[in-house]
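Colleague: Next come a sequence and a model predicted from it.
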Amino acid sequence: MQSIMISHLEKWKKKGKKFAALTAYDFTFAKLFFNEGIKVLLVGDSLGMTIQGHNSTLPVTIDDIAYHTAAVYRGAPNALIISDLPFMTYSTPKMSFKNAAKLMRIGANVVKLESNPWVIETISMLSERSVPVCGHIGLTPQSVNILSGYKLQGSNEKHANLLLKNAKAIESAGAKLLVLEYVPSKLAKVITDTLNIPVIGIGAGNYTDGQILVMHDILGITDGYIPKFAKNFLSETGNIRSAVRQYISEVESGIYPDSEY
Ligand code: KIV
């Protein structure tokens, strides 16, 4: 089986072929998701909430992400594996090099950083050193204490323009992918159409090139805060493999997310 590369996502964007991605944190789910057709897996710092039971992503360490990246890689070595750099693990370029290298040595193909404007220089330095970077803007959960909760971002013109400007700067700095979280679909369309790199949305409407969801959300097993855009595919289909296939099919055909989500 051929490994999935960033160039595949770039081709899909050019052709207008939408793709579905999921978070994965362990061997069994990574393998199942890949075998059912999910080609892009994210070892997200959402594991702080879904796996570790914290009330935010802030306690997650680089060793936690490394542990779960290794397990996901064993389950789906041919997937495109994106691993998160957690809170305060990329606050200086030196730290970001060391931590990105740690994740890439054990199976990550891409590292994702929540990309406020101060991170642009780091994205550029990592990219120059052959580390593929995925930016992440909109709702950036590591900034939950500044954002005062998990709220829609970019809903007024001034903030929408700032996000668009930041998205362009992320691409110019060399990032290969961008995650756009919880922004109005109109803004997601502008950003997706403006950038050449593939844009993966979550809670950003169905115009983005790809969609990503937290695996616990598609299975309806999330406890506590459930985002408005999360859809439980297991309740419709009755088993995990069919739920994953249904998610893929609805993303590829543009059915999910509809206006309800
Ligand atoms: O950590 C994560 O799972 C994420 C997704 C919500 C995009 O960053």
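Modeller: Received the coordinates, thanks.
Colleague: who's in contact with whichever residue of the stretch 1-150 of the chain sits closest to the ligand?
Modeller: The ligand sits closest to residue 44 of the stretch 1-150 of the chain, with a gap of 2.3 Å, by C-beta to the nearest ligand atom. From N, CA and C alone the C-beta is placed, and that goes for glycine too. Contacts for residue 44 (C-beta atoms under 8 Å, 6 or more residues apart in numbering) come out as 23, 84, 112, 214.
Colleague: can you list contacts of the helix or strand hosting the third one?
Modeller: Under DSSP states H and E, the secondary-structure element containing residue 112 is strand 110-114. Outside strand 110-114, the residues within contact range by C-beta under 8 Å, 6+ apart are 6, 42, 44, 80-85, 90, 96, 99-100, 103-104, 119, 122-123, 126, 131-137, 140-143, 176-177, 179.
Colleague: Does the ligand have contacts with it?
Modeller: No - using C-beta under 6 Å from any ligand atom, strand 110-114 stays clear of the ligand, coming no nearer than 6.6 Å.
Colleague: likewise stretch 82-100?
Modeller: Yes - contact of stretch 82-100 with the ligand (C-beta under 6 Å from any ligand atom) involves residue 84.
Colleague: Let's test this: mean pLDDT of that stretch, rounded?
Modeller: Across stretch 82-100, pLDDT averages out at 96.
Colleague: Which element is encountered next along the chain beyond the helix or strand harbouring residue 69?
Modeller: Secondary structure from DSSP H and E places residue 69 in helix 62-75. Counting by DSSP H and E, the element after helix 62-75 in chain order, helix or strand, is strand 80-84.
Colleague: same for that next one, what does it pack against?
Modeller: Applying 3 or more C-beta pairs under 8 Å, 6 or more residues apart in numbering; DSSP states H and E, we find strand 80-84 packed against helix 6-15, strand 40-43, helix 62-75, strand 110-114.
Colleague: Can you lay out those as JSON lines showing mean pLDDT?
Modeller: As requested, these are arranged in JSON lines below (pLDDT from 0 to 100):
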{"stretch": "helix 6-15", "mean pLDDT": "98"}
{"stretch": "strand 40-43", "mean pLDDT": "98"}
{"stretch": "helix 62-75", "mean pLDDT": "98"}
{"stretch": "strand 110-114", "mean pLDDT": "98"}
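Colleague: Single out the most deeply packed of those.
Modeller: Ranked by mean neighbour count under mean count of other C-beta atoms under 10 Å, these are led by strand 40-43, which reaches a mean of 28.
Colleague: Helices - which of the contacts of strand 110-114 land there?
Modeller: Among the contacts of strand 110-114, the residues falling in helices (DSSP state H) are 6, 96, 99, 100, 103, 104, 122, 123, 126.
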